[in-house]
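Novice: What follows is a predicted protein model with its sequence.
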2 protein chains.
Amino acid sequence: MVSPKRAETERKLVNALGEVLAEQGFSNVGVNSVARKAGVDKVLIYRYFGGLDGLTKAFAECAEFWPSLDELLGSAAEFEQLQAKPFADQIAEIFERYVSSIRKRQLTLEIMAWESVERNALTIELENVREARAIEIQTILRDAAKQNNSQEEKTNRPESTTDEQAIDWQAVTTLFSAATHYLAIRARHIKTYNAMDLSTDDGWARIVRTMKVLITGMGE
Amino acid sequence: MVSPKRAETERKLVNALGEVLAEQGFSNVGVNSVARKAGVDKVLIYRYFGGLDGLTKAFAECAEFWPSLDELLGSAAEFEQLQAKPFADQIAEIFERYVSSIRKRQLTLEIMAWESVERNALTIELENVREARAIEIQTILRDAAKQNNSQEEKTNRPESTTDEQAIDWQAVTTLFSAATHYLAIRARHIKTYNAMDLSTDDGWARIVRTMKVLITGMGE
DNA sequence: TACAAAAGTCACCGAACGGTGACATAATGA
DNA sequence: TCATTATGTCACCGTTCGGTGACTTTTGTA
């Protein structure tokens, strides 16, 4: 049985962690700063969560840092349309949504930067969610791809399908998501990278367009 | 006029900064830790460099964090051979060398992680060197590409050249280098990303191979 | 209502941080 | 030789850090 007062305090602390993280960056996250932000004594972090790591874990489990499947695949109707397109277009379109989703999530970007530096309860949880989400999407797309392949097999170009089989889609998505993360993280502090403007939508549009060109070129 | 004793002390401090950075990460870099590592009083950091930022700047200017042009393009003879190949192959081969060069440089990876978090004298200097190096290479390759294009124009497929003109090579190299950096940075602490093994050369070989496949597919 | 447990407050600890002033010593130039 | 400057050592400042013990207040319940 948890008293409502305690639940309220815990909620304050968890929220405060997110606020400190978003406003001051992970290097300023500590028992003192979080407790101060929550307007609560820091001793409660130890009593309720066993320390900052426990609080971090609670934060990791409650918040939604990652784009949802819906956000990436669209509504059921949109996904239907998406599946009708060539496989390369599907990947390209999903990454287009992925880029805009990631760029919006300032808090997630902060945690991803944290991830680059150390492993803790929060970054591990983020890793888990991301890996699971990635596998989910890959599974969905692979199923869709098989349908497409079997359809095309009945009609024409039998060699094309064997070519597509050989493509290392996992490596492709790894490359693209890694690039997306890096550029989104860097874009928080710098304006240009490799002489490309990362501060505007236009610059990012070039990135997305190039992803599409690269993928669609592969299958041919 | 700088006394040899002072020069020696400055050298100690600059080296110590690099050692602390490599051994303990940037979050542990401070006047106390660096001075301790150098076996020198921290007050000398303020007196000789005006503070940690000045020392950082000195460190940034003296060390070589970045792969040299030779390292990426190879010797003169190798570069000659490289230029004979199709443009896509050139890019692919350079990125292959880039990946292995970056992966070796632990200190550079540490600074790149630092770059993801904040801007200071060191990260700004690293940025400058990288941007300059990137432009250098792009210029060299563009010149090589023009020669290739003009040669091909005389022989066959005139449309192909216009297609290649339309390719956003800057965005391509941005994508690939960003992905390389992100994966190399993450590989310091995690074993797999997107279910790909980043701890072995084989995993990285898949990345490099996929880069090559993506690029060579573009031109066709 | 009485009482024990939970919730919350407060003061304090040792350690490390960035930063500074005072001092002793060695090297330099007039 | 003597005064000046540069070099290096040391002690100390205030602040913040993570962490803990002792205390008061509130709450639920027997």
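Specialist: That came in fine, so what should we check first? Numbers count the residues shown, from 1 in each chain, chains lettered A, B, ... in the order given.

Novice: DNA strand C contacts on chain A?
Specialist: Within chain A, the positions adjacent to DNA strand C are A:Val2, A:Ser3, A:Lys5, A:Arg6, A:Glu8, A:Thr9, A:Val40, A:Asp41, A:Val43, A:Leu44, A:Arg47 by Cβ under 7 Å from any atom of the strand. (C-beta placed from N, C-alpha, C; glycine too.)

Novice: would you list those in JSON lines and tack on neighbour count?
Specialist: Shown next, in JSON lines, are the residues of chain A next to DNA strand C (neighbours: other Cβ atoms under 10 Å in any protein chain shown):
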{"residue": "A:Val2", "neighbour count": "8"}
{"residue": "A:Ser3", "neighbour count": "8"}
{"residue": "A:Lys5", "neighbour count": "8"}
{"residue": "A:Arg6", "neighbour count": "13"}
{"residue": "A:Glu8", "neighbour count": "11"}
{"residue": "A:Thr9", "neighbour count": "19"}
{"residue": "A:Val40", "neighbour count": "18"}
{"residue": "A:Asp41", "neighbour count": "12"}
{"residue": "A:Val43", "neighbour count": "10"}
{"residue": "A:Leu44", "neighbour count": "18"}
{"residue": "A:Arg47", "neighbour count": "12"}
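
Novice: Which ones among the residues you listed map onto helices?
Specialist: A:Lys5, A:Arg6, A:Glu8, A:Thr9, A:Val43, A:Leu44, A:Arg47 (DSSP state H).

Novice: what's the distance between the fifth one and A:Lys57?
Specialist: To tie it back to what came earlier, the one meant is A:Val43. Distance of A:Val43 to A:Lys57, computed by Cβ to Cβ, to the nearest Å: 19 Å.

Novice: which residues of chain A fall in strands?
Specialist: Counting by DSSP state E, one finds strands in chain A at the ranges A:192-193, A:196-197.

Novice: For the first one, which helices and strands make contact with it?
Specialist: I take that to be strand A:192-193. Here strand A:192-193 touches no other helix or strand, going by 3 or more Cβ pairs under 8 Å, 6 or more residues apart in numbering or on different chains; DSSP states H and E.

Novice: Please enumerate residues in contact with stretch A:128-148?
Specialist: With contacts defined as Cβ atoms under 8 Å, 6 or more residues apart in numbering or on different chains, stretch A:128-148 is touched by A:65-67, A:69, A:72-73, A:83, A:86-87, A:90-91, A:94, A:164, A:169-170, A:173, A:177, B:192, B:194-195.

Novice: and A:Gln106, what pLDDT?
Specialist: Looking at A:Gln106, its pLDDT reads 94.

Novice: dump the residue contacts of the closest residue to it other than its chain neighbours.
Specialist: In space, and not counting its chain neighbours, A:Gln106 is closest to A:Ala22: 6.1 Å by Cβ to Cβ, 6 or more residues apart in numbering or on different chains. Residues touching A:Ala22, when contacts are defined by Cβ under 8 Å, 6+ apart, comprise A:Gln106, A:Leu107, A:Glu110.

Novice: what about the second one, how many residues close to it?
Specialist: Under the neighbour criterion other Cβ atoms under 10 Å in any protein chain shown, A:Leu107 is assigned a count of 14.

Novice: So it sits against A:Trp66, correct?
Specialist: No: using Cβ atoms under 8 Å, A:Leu107 makes no contact with A:Trp66, being 10.8 Å away.

Novice: among the helices and strands of chain A, which has the poorest mean pLDDT?
Specialist: Lowest mean confidence among the helices and strands of chain A (mean pLDDT, DSSP states H and E): helix A:158-166, at a mean of 47.

Novice: Need the residue closest to the centroid of chain A.
Specialist: Residue closest to the mean C-alpha point of chain A, counted by Cα atoms, centre = their mean, is A:Trp66 at 4.7 Å.

Novice: gap between the nearest residue to it once chain neighbours are set aside and B:Leu52?
Specialist: Nearest non-adjacent residue to A:Trp66, counting by Cβ to Cβ, 6+ apart: A:Val129, 5.2 Å away. In this view, A:Val129 and B:Leu52 are 37 Å apart by Cβ to Cβ.

Novice: Which one of those two is surrounded by more residues?
Specialist: More crowded of A:Val129 and B:Leu52, by other Cβ under 10 Å: B:Leu52, with 19 against 15.

Novice: how close does the more buried one get to B:Gly39?
Specialist: From B:Leu52 to B:Gly39 the distance is 17 Å (Cβ to Cβ).

Novice: So for the residue in chain A positioned nearest to DNA strand D, what's the nearest residue that isn't a sequence neighbour?
Specialist: Nearest residue of chain A to DNA strand D, counting by Cβ to the nearest atom of the strand: A:Gly30, 2.3 Å away. Nearest residue to A:Gly30, sequence neighbours excluded (Cβ to Cβ, 6+ apart): A:Leu52, at 6.9 Å.

Novice: so what's the one you found up against?
Specialist: Contacts for A:Leu52 (Cβ under 8 Å, 6+ apart) come out as A:Val29, A:Gly30, A:Val31, A:Val34, A:Ile45.

Novice: For A:Met196, give me its contacts.
Specialist: Contacts of A:Met196 (Cβ under 8 Å, 6+ apart): A:Gly203, A:Arg206, A:Ile207, B:Gln170, B:Ala171, B:Thr174.

Novice: would you turn these into a markdown table with pLDDT and distance to B:Lys212?
Specialist: Formatted as a markdown table, the contacts of A:Met196 follow (pLDDT from 0 to 100; distance: Cβ to Cβ, whole Å):
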| residue | pLDDT | distance to B:Lys212 |
| --- | --- | --- |
| A:Gly203 | 98 | 25 |
| A:Arg206 | 98 | 22 |
| A:Ile207 | 98 | 20 |
| B:Gln170 | 94 | 19 |
| B:Ala171 | 97 | 17 |
| B:Thr174 | 98 | 17 |
